[in-house]
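Asks: Okay, sequence plus prediction incoming.
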Amino acid sequence: MSIPAPKESIRLLSGNEAIARGAFEAGVRVASAYPGTPSTEILENFARYDGVYAEWAPNEKVAVEVAIGASMAGVRAMAAMKHVGVNVAADPIFTVSYTGVRGGLVIVTADDPELHSSQNEQDNRHYAVAAKIPMLEPSDSSEAKEFTRLAFELSEKFDTPVFLRTTTRISHAKGTVRLEEPVAPAFLPGFIPDAAKWVMLPVNGKRRHAVVEERMNALREFAETFYENRTEWGDRSLGIVTSGVSYQYVKEAFPDASVLKIGLAYPLPERLFREFAAGVSRLVVVEELDPHLETHVKSLGIRAQGKERIPIVGELDPRIVRQAITGEAIPVRAPEPVPSRPPNLCPGCPHRGLFFALKKLKVTVTGDIGCYTLAALPPLGAMDTCICMGASIGNAHGMEKALGQDGAGKVVAVIGDSTFLHSGVTGLMNVVYNRGTSTTILLDNDITAMTGAQQNPATGKTLQGEPTRRTDLPALCRALGVEHVYTVDPHDMEQTEKVLRREVARPEPSVIITKAPCALLPDHRRKKRPVYEVIADLCTGCKACSRLGCPAIEWVPFTPEEAVAAGKKATQKGMARISPLLCDGCNQCPPLCKFRAILEKKP
Amino acid sequence: MTVAQGDVFLAGVGGQGTLLASEVLCDAFLLSGYDVKKSEIHGMAQRGGSVTTHLRFGPKVFSPLIEPGRADLLVAFEKVEALRFAHYLRPGGCMVVNAQEISPPAVATGQERYPADVPERLAAVTDRLYLVDALAAALSLREVRAVNMVMIGAASRFLPLPEEAYEKALKGSLPERIVAVNVDAFRAGRSLLSPANLRTDPHTVRGGDR
């Protein structure tokens, strides 16, 4: 499917869709990314425009390197990632700041205050400061599109990569956006050799550092008059400095206040801040996470309030802003106590069988980033650590080396297919090279599932739907030097457990690939599978099946009277039931019932 | 002329189609000339988890988030989810709740019980509570996945848009082969709450000046 030719019209777009649109309108030709919430939909949407090339890279470092290459070749290019992805990509980012660009180069960092779907809450405005790269910060979908276009213009005007920073409430909030025509490209594609610019040997790097500092001075001057650093004069008794989505909360909470809205989050203006501060009697800086604007304002010797009132943890909203500034508590109804409803592995998820087996083995499981991270929650509770993409294998190796003989056969690493290709390969290489004995379990469900089913190098399809060569995962593991590589079907829990016990005990590195498709893949869903049911007469209420944590298996509690009425002993507390609406027919639960009460449902 | 404005909070369980339903609702407002903002959380396998959407419409909308205690309308696709987010409703706000029960994990594994007094506790929050059996309505259309549109149909009784706006939005945002059943589901939901059985003014949203 491709998006029809642009017409001037108003659409309702998410911030991510708006960035994709902005990149298209800016004439971007090459974009690369690794999926990560809340950034994923940027590339998914960009990929649908005509005449563009968009790809999933194995990780964010590669994505940025691809975008740099395209920029060097004279076309506008973009790399998109979530905040922690910038950590992975930081190496090329810090140096492309030195080389500068040819075609405009924009790196999108989608931060996640409140960590709705992340392992930390880092504030990536620090990266702009550390890498000396200007950063634009839109405050809604409309600005997300405008600022994307602007970012490419600034990139070429100042010969610099540009960061575009969003947060979850920009990325995943929808607002109205005016569509426009794409612009013509600024350059003819072609690489122009220029070693002093592109080859960062120390001698050239030193010269380029001076260029970067000159550029920062020029950008600081630009920041003073940049129209997206905007003063909205109102009631002068309260002046608020803000940026990003916080601007919306401020406008809602204090519609009459004077506001200095910062669109360029780095570098920051000086005169503009001084003028604004001089024009108001009380100055408050309202920003999510770290005191980035506040530190700058205070470094100018301006008296301002900030993090002593505005929370440093989590998202803001209009109510938090109102309370923080007025100091008055606004009474609201307390949330009702109700059973919590955390996300869960889906019915039919192949990972569930594996983690059930792992729990029986009582091993320490170093985990990674993916749907399977949910296996850390009860009732499975079968994952002990989770640091970042690709960390599980290194973590297991380190534990093993620390524990010596005491740890032998007690630690395993789990990692998904996409995550393994993202940054697990080097960890496994290290296990082999450094004479480790770890067992690595590679959960291959044929897709990058957590972010909503994106292709990866092992799935056989590209982002734009082209068939492609697949990375052969068993052959890759063998090529790294792992001699023991076995593939099992995780729905067959008996066999899985057997192989697990054997390989965990083996004093050599081994890889077990659990291979079964994600239950949400369309091909899988279309397949006819049996539905299972609990035969009420046979169920003793032992709960062996509910320990699987499958959403389709429900517990029906009994009172003693109800138990007797159902023909059970008065002491039976309840029985299990399988929801026919939810059962995926994976066959993991029937073998768990020693009373053989779970049977295929007759049509 | 004053343009109505309002805050609609949608809550459900991952997999129920909450996000698609809010998408359709949002489009209906956009097609009717409102400024709209919508914020939702997805990403980490939310299937089975608690899913919410904040939808705000009016002549000009700033914050994409609804403040606790300010929603005009809470549309809950599951009973316990209505209770979980009841504190978002403003005093006098309206609640349209699907009577369906989906056991949270602690209930499904027998550690906790599904609260038996949800309707009573909801009624204590507002006297404008409408419990509907959206699952039964969807099953009567032989499409269990249409529960979400039944709910939007019922909720539409409290919103200032004509029926055509929703149907236009459905046609615009769904694949053609499932438009008809979703339009039917919407109508079924709308007829669950006929003006005759509404105890109060059907339009729950505010006028132009708040």
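Replies: That came through, no problem.
Asks: Could I get the contacting residues of residue 78?
Replies: Unless you meant another one, I'm taking chain A. With C-beta atoms under 8 Å, 6 or more residues apart in numbering or on different chains as the criterion, the residues that contact A:M78 are A:A23, A:V28, A:V30, A:A31, A:S32, A:F46, A:A67, A:L105, A:V106, A:I107, A:V108. C-beta coordinates here come from the backbone N, C-alpha and C atoms, glycine included.
Asks: switch to chain B, that's the one I care about
Replies: B:A11, B:G12, B:V13, B:Q16, B:N98, B:Q100, B:E101, B:I102.
Asks: Buried ones from those residues, can you make that a PyMOL selection?
Replies: Command for PyMOL that selects the buried part of those, burial taken from 16 or more other C-beta atoms under 10 Å in any protein chain shown:
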select buried, chain B and resi 11+12+13+16+98+100+102
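Asks: Hmm, B:G153 and B:R190 touching each other?
Replies: Yes. When contacts are counted by C-beta atoms under 8 Å, B:R190 is listed as touching B:G153 (4.0 Å).
Asks: the more surrounded of these two?
Replies: In this comparison of B:R190 against B:G153, neighbours counted by other C-beta atoms under 10 Å in any protein chain shown, the higher total goes to B:G153 at 28 against 18.
Asks: Just to check, that one is in contact with B:A185?
Replies: Yes. With the criterion set as C-beta under 8 Å, B:G153 and B:A185 qualify as a contacting pair; they are 6.7 Å apart.
Asks: Nearest to chain B, out of the contacts of A:M78: which one, please.
Replies: Nearest to chain B out of these is A:V108 (C-beta to the nearest C-beta; 15.9 Å).
Asks: So the nearest residue to A:S9 once chain neighbours are set aside versus A:K251, what's the distance?
Replies: Spatial nearest neighbour of A:S9, excluding adjacent residues (C-beta to C-beta, 6 or more residues apart in numbering or on different chains): A:L179 at 5.4 Å. Here the distance between A:L179 and A:K251 works out to 24 Å (C-beta to C-beta, to the nearest Å).
Asks: Same question for A:C539.
Replies: For A:C539, the distance to A:K251 equals 58 Å [C-beta to C-beta].
Asks: in chain B, which ranges drop under the pLDDT threshold?
Replies: Along chain B, the parts satisfying pLDDT under 70 run over B:1-3, B:42-46, B:196-210.
Asks: what's the answer for chain A, then?
Replies: A:1-8.
Asks: List the buried residues of the longest helix along it.
Replies: Longest helix in chain A by number of residues, with DSSP state H as the criterion: helix A:202-225. Applying a neighbour-count criterion of 16+ other C-beta under 10 Å, the buried positions in helix A:202-225 are A:N204, A:R208, A:V211, A:V212, A:R215, A:M216, A:L219, A:R220, A:F222, A:A223.
Asks: just checking, what packs against it?
Replies: helix A:83-99, helix A:195-198, helix A:271-279 (3 or more C-beta pairs under 8 Å, 6 or more residues apart in numbering or on different chains; DSSP states H and E).
Asks: about what we covered before: neighbour count winner among A:L179 and A:K251?
Replies: The residue with more neighbours, out of A:L179 and A:K251 and counting by other C-beta under 10 Å, is A:K251; that gives 21 against 16.
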